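S.K.: Give me the fold of what follows.
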Amino acid sequence: MTARPSAARLDPHVRDALIKGIAEFNSWRFYDCHETLEDVWREVGSKGDSATLANFYQGIIKAAAGFHHLVRGNYRGAVNLLEDTFRLLGPYRPTALGIDVDRLLADIRRALDALESLGADRIAEFDRSLIPAIQFGPEATGAS
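M.R.: Numbers count the residues shown, from 1 in each chain. As a prediction, the model looks like this:
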């Protein structure tokens with residue numbers, strides 16, 4: 001596996017966008033998070049290059065898009081996008097750029113399981129308190 005860059009070594013524009021995207025996600029501004037991080041994802045280059053963290057950014061983008069669909073009542077869109085986060089973010093466990101990937105994936109799993117147990121017809125009954133926040137430490141901001 002290629003060594004991952006630390007947040008402190010990220011381009012300042014990318015680091016600032018990551019911080020902004022996390023704040024947007026945690027404020028349930030999922031569409032904005034998607035837009036913010038999609039710009040980063042496009043800038044870092046080819047999909048799947050572990051050195052650029054392209055799949056990492058795409059995983060957070062898909063989580064944001066999945067929760068965006070969930071709060072808008074689109075069951076299939078939410079399930080498909082949230083399921084794909086495990087493939088994209090799994091290789092970055094336990095943490096990446098100061099983000100607790102293990103916790104994020106566990107929280108997404110809990111939300112996805114609850115959503116799937118309700119099914120499409122009962123999506124309005126989803127307990128929105130299960131929507132996770134992205135936990136991150138000082139490395140995400142470049143602080144030591």
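
S.K.: so the residue located most distally from the centre of the chain, which of the three states?
M.R.: The C-alpha centroid of the chain is most remote from Asp121, which lies 25.9 Å away (C-alpha atoms, centre = their mean). Three-state assignment for Asp121 (DSSP: H, G, I helix; E, B strand; the rest coil): helix.

S.K.: ok, which stretches of the chain are helices?
M.R.: Assigned by DSSP state H, the chain shows helices spanning 12-26, 30-43, 54-71, 75-89, 101-118.

S.K.: related to what we said a few turns ago, would you enumerate the residues in contact with the residue farthest from the centre of the chain?
M.R.: Neighbouring residues of Asp121 by C-beta atoms under 8 Å, 6 or more residues apart in numbering: there are none. From N, CA and C alone the C-beta is placed, and that goes for glycine too.

S.K.: likewise Phe136?
M.R.: Contacts of Phe136 (C-beta under 8 Å, 6+ apart): 22, 97-100.
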